[in-house]
Each structure stands twice: as C-alpha cells, then as structure tokens.
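Asks: Provided below are the primary sequence and the corresponding predicted coordinates.
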Amino acid sequence: MGWAEDAHGAVLMVKQQRGRKFWTLPGGKVMASESVEAGLKREIREETGARVIFACQTALFDRPEKRNITFLFRVTLHARDTLEAKPREIELVEYHTTLPRDASPSLRYFWKLLRH
C-alpha cells in the first residue's frame, strides 16, 4: 500500500467498488514475477492513474489469521498526473484529512501508526 500526502497533509485514499466497499490506501497484490516495489507502483497507477516517483518502505501490518502481510510505503506521486478511479474496482480516489468511518483494517492500523 502507498501512503501519499498532498501539500496540506491530506492522505490519498481509494474507495473499493466491490466487497465491503472500504476506504483504503491504494495498492494491491504483487505478481509472482515482480518485486514488491514494482507491484506497488503498478497497483497505484492502475487504481489511481498516478505514477510513483519515489517509494520508501515504512511499516508492515501482519495479519497471520488472514495469512497476509501488508507492506506500507511512503510514496511521492508525479504532480502532473490526473487522479482517476479504475472502473469496476475503485469507486472514488480522493485525499482525506480524517479517517473515514468505513476504513479498512489496514488503513485504520496505518493511520493510527502514522497520525498519532
């Protein structure tokens, strides 16, 4: 997942189109043939239309009961890219200054870690 902030400190989030329709950070699954950072960049581009120009791994969220580890990267996005939701997967792409009520568990975890 990528944590991107605008000039005012708002965090870029995506609202899922399917499933539980959580607000979450952009990102997704890494393909077997790519590095974690390459997968991050691809997923952010696919979900938001933005290109990552810098990424630094910051934290991880280990959920053994789900057999899942989520890596968090602080990212810088290309300033000239237009944000655009990925049809059929992402409903909205927006910057938020507060944690949405319907935030995903990983977003809640990373928000608490980085905002407190």
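Replies: Structure received.

Asks: only C-alpha atoms for contact and neighbour calcs from this point on.
Replies: Noted.

Asks: what comes up buried for the longest strand anywhere in the chain?
Replies: If you go by DSSP state E, the chain has its longest strand at strand 52-63. Counting neighbours by 16 or more other Cα atoms under 10 Å, one finds that the buried residues in strand 52-63 are 52, 55.

Asks: all numbers from here: first residue = 24
Replies: All right, first residue 24 from here; so that's strand 75-86.

Asks: Mind giving me the packing neighbours of it?
Replies: Packed against strand 75-86, as judged by 3 or more Cα pairs under 8 Å, 6 or more residues apart in numbering; DSSP states H and E, are the following elements: helix 59-71, strand 91-100, helix 128-138.

Asks: tell me the phi and psi of the residue lying closest to L130 once chain neighbours are set aside?
Replies: Nearest non-adjacent residue to L130, counting by Cα to Cα, 6 or more residues apart in numbering: T47, 5.4 Å away. The phi and psi values for T47, taken as degrees, to the nearest 10, are phi -150, psi 180.

Asks: For T47, give the beta-bridge partners.
Replies: Beta bridges link T47 to V37, judged by DSSP bridges.

Asks: Let me see the contact set for it.
Replies: T47 makes contacts with 36-39, 126-127, 129-130, as judged by Cα atoms under 8 Å, 6 or more residues apart in numbering.
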